[in-house]
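> Using only what follows, build the 3D model:
(one chain, ligands or ions: 1)
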Amino acid sequence: MGKILVTGATGNVGSHVASQLARAGLEVRAFARKPEKVQAGVEVVQGDLTVPETLEPALKDVESVFLLWPGMSTGNAGEVVSAIARHARRVVYLSAYVPGSEDAATHYGDIEHFIRTSGLGWTFLRPGGFSANTLGWAEQIKRDGVVRWPYGQASRALIHEKDIAAVAVHALTSAGHNGASYDLTGPAELTQAEQVRAIGEAIGREVRWEEQPVEEARERLLAAWGEPEFVQSALKAWESFVTHPEKATDTVERLLGRPALSFRQWAEDHAADFR
Ligand SMILES: NC(=O)c1ccc[n+]([C@@H]2O[C@H](COP(=O)([O-])OP(=O)(O)OC[C@H]3O[C@@H](n4cnc5c(N)ncnc54)[C@H](OP(=O)(O)O)[C@@H]3O)[C@@H](O)[C@H]2O)c1
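Here you go, the predicted structure:
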């Protein structure tokens, strides 16, 4: 099997893609802005996806690419996909399942379109919410043992980054995934209040949920994130997950032949981040 280029190799998912491929004895090359952040033992080429010409040297002799697109806009992703298509044969793209957005224009849809029309063989991974999103509560948990946040009854089937990576590795290294789109979730739906309780159990101390009024949350998120549209879409999404929980899929189990990792497992793996 030829060389596999991993983008986002210093992030939640890509770091596991790189390490799982390396452990399987495959030829891996990471593409990173800061090579020193990539785990030891993996070949790295330095570059930036927003500067597509820096990708060309990284693509030399590459057969397949794990593609993560940073940020929330399409930007120059079309050029990046064209560069990949000039060198490689296959791409596994970390897209997203965005409920209710089937008809809306998103950068995920744009990038999927570039890939579909590029001539590359492709597989789209469409995860719902990442368990790692709850790391946003870490400071409050460490400081107060309380998560003050809106929509405690918003329910999602959060997915462990290791499972997304394992599916990516499976799609990169076995046949039969060309033209497939995989909706990926964790094994079970949990409300945000239940997620907080599970984190408390994993770190061995009680962590309480405290419902935050939506307008107070908006102020705080605006101060933290800066972008009113992004804050509004996050609040709308949490509100919708109260009445329309994100449903668990069995895709991880179907593809990997073992159950998806639970949120509890994720919290245990990340206990040090919350202590
Ligand atoms: N969070 C969710 O619930 C969710 C759900 C569905 C889909 N997604 C998608 O999943 C992806 C995020 O995955 P993740 O959590 O594994 O990522 P992450 O931990 O946020 O890490 C982002 C990675 O991208 C790299 N990166 C950022 N800007 C770059 C640039 N200009 N050029 C090259 N590399 C760059 C970062 O490298 P540095 O070390 O240089 O920063 C890092 O390796 C996004 O595309 C997101 O839209 C997320």
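> Can you get me a residue count around Asp183?
Counted with other Cβ atoms under 10 Å, residues neighbouring Asp183 total 15. The C-beta positions use only the backbone N, C-alpha and C, and glycine is treated the same way.
> what's the helix or strand that contains it packed up against?
Following DSSP states H and E, the helix or strand that holds Asp183 is strand 180-184. Judged by 3 or more Cβ pairs under 8 Å, 6 or more residues apart in numbering; DSSP states H and E, the packing partners of strand 180-184 are strand 121-127, helix 161-173, helix 251-256.
> can I have that strand written out in CSV, keeping just the CAs?
Extracted in CSV, the C-alpha atoms of strand 180-184 (Å, rounded to 0.1, in the frame of the first residue of the first chain):
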residue,chain,number,x,y,z
ALA,A,180,-19.4,5.9,0.5
SER,A,181,-20.6,8.5,3.0
TYR,A,182,-20.6,7.4,6.6
ASP,A,183,-22.8,9.1,9.3
LEU,A,184,-20.8,8.5,12.5
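> orientation of it relative to strand 121-127 in degrees?
Put simply, strand 180-184 runs at 20 degrees to strand 121-127, going by axes from the mean of the first three to the mean of the last three Cα atoms, to 10 degrees.
> Renumber starting at 15 from here on
All set: I'll call the first residue 15, so the last point we hit is now strand 194-198.
> so what strands line up beside strand 194-198?
Note on strand 194-198: by DSSP bridges, its sheet partners are strand 135-141 (parallel).
> And for the partner strand, what's in contact with it?
For strand 135-141, the external contacting residues (Cβ atoms under 8 Å, 6 or more residues apart in numbering) are 103-111, 122, 126, 129-130, 173, 178, 181-182, 185, 191-199.
> hmm, which of these are the buried ones?
104-111, 122, 126, 129, 173, 178, 181-182, 185, 191, 196, 198-199 (16 or more other Cβ atoms under 10 Å).
> sorry, back to before: take the helices and strands packed on strand 194-198 and write them to CSV, including distance to the ligand and mean pLDDT.
As requested, the helices and strands packed on strand 194-198 are exported to CSV (distance: least, Cβ to the nearest ligand atom, whole Å; pLDDT from 0 to 100):
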stretch, distance to the ligand, mean pLDDT
strand 135-141, 5, 98
helix 175-187, 6, 98
helix 265-270, 14, 98
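> Turn these into a markdown table, columns for distance to Ala285.
Below are these laid out as a markdown table (distance: least, Cβ to Cβ, whole Å):
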| stretch | distance to Ala285 |
| --- | --- |
| strand 135-141 | 23 |
| helix 175-187 | 15 |
| helix 265-270 | 22 |
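> Having no further points to raise, I will conclude here.
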